[in-house]
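Novice: Sequence first, predicted model second:
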Amino acid sequence: MATGTGSGKAADVQQPTLNTGDILSLHPVKTEQHDLRNRLHHTNTGIRPVDLYRETPHGLYVSRRFVDHPRIAYWQAHLLPGLFPGVPDGTAGMGVQLCRYDFHSERVHDYYLDIATIQRQDDVWTVRDHYLDLLVWDGLCAEIADTDELSAAHQAGYISDAELHAALHTAHAVLNGLARHGYEMEGWLTSLGFKLAWDLVDSGPHDPATDSELTLV
């Protein structure tokens, strides 16, 4: 599996000429919302009930079932809006949605990261997915996916030059950070000062300040 690196600049991505098939497969930036008050996850395919939302010092934890899905049984994610606030050359930063999936059969990967801008307004968190994803096999390797989708979306006008730069910068920063820590998620996150927990249960009202000792398991 490829574990490529790069500078993260827009110029590094070849801009292929779009053909009819590419245009038909293009889609606007996917935007999802998390309604904490009502425990609802608004996706591009419908509204899903959520088992648990928990605000943490680093963002938001969410977990829910995948009902009648052929491959996925359960989904957990940490929304991390401030992972990369920006870089000195003026490129805007982005966050990531760090996911763990429980599959009906053999695990396909250990972690799945969406490159995204994540914003909160009152009890609603909005995730704007910027096409690029990273698949991580913990302690083994990582792979950037969907660079072709990002390039095509940019040509189609779905994302700006600044968003293209930011998505590439963030994806390569994540990949390079993982590589420096042997592709171990916990090691990389610890180096950034992030402590995350998984498999959380609903135990009533919660204060994010008490999460200071949570660890990634």
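Specialist: Looks like it arrived, so ask away.

Novice: all strands of this structure, in order?
Specialist: In the chain, the segments counted as strands under DSSP state E are 30-35, 40-43, 46-49, 52-56, 59-65, 72-80, 95-103, 111-121, 124-137, 141-145.

Novice: Pass me the low-pLDDT residue ranges in the chain, would you?
Specialist: The chain contains residues with pLDDT under 70 at 1-25, 68-69, 85-93, 202-217.

Novice: returning to that earlier point: export the strands of the chain to CSV and append columns for mean neighbour count and distance to residue 175.
Specialist: C-beta: built from backbone N, CA, C; applies to glycine. Formatted as CSV, those follow (neighbours: other Cβ atoms under 10 Å; distance: least, Cβ to Cβ, whole Å):
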stretch, mean neighbour count, distance to residue 175
strand 30-35, 16, 21
strand 40-43, 16, 26
strand 46-49, 11, 30
strand 52-56, 19, 24
strand 59-65, 21, 20
strand 72-80, 20, 16
strand 95-103, 20, 11
strand 111-121, 20, 10
strand 124-137, 20, 6
strand 141-145, 19, 6
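
Novice: From residue 184, how far out is the nearest residue to residue 170 once chain neighbours are set aside?
Specialist: Spatially, and ignoring its direct neighbours in sequence, residue 170 is nearest to residue 94 (4.3 Å; Cβ to Cβ, 6 or more residues apart in numbering). For residue 94, the distance to residue 184 equals 22 Å [Cβ to Cβ, to the nearest Å].

Novice: quick one, which of the two is more surrounded?
Specialist: residue 94 (29 against 15; other Cβ atoms under 10 Å).

Novice: from what I can see that one touches residue 164, true?
Specialist: No. Contact criterion Cβ atoms under 8 Å: residue 94 and residue 164 do not qualify, at 11.2 Å.

Novice: For residue 103, list each beta-bridge partner.
Specialist: Here residue 103 sits in beta bridges with residue 72, going by DSSP bridges.

Novice: That one: what's it in contact with?
Specialist: Residues counted as contacts of residue 103 (Cβ atoms under 8 Å, 6 or more residues apart in numbering) are 71, 72, 73.

Novice: Thank you, goodbye.
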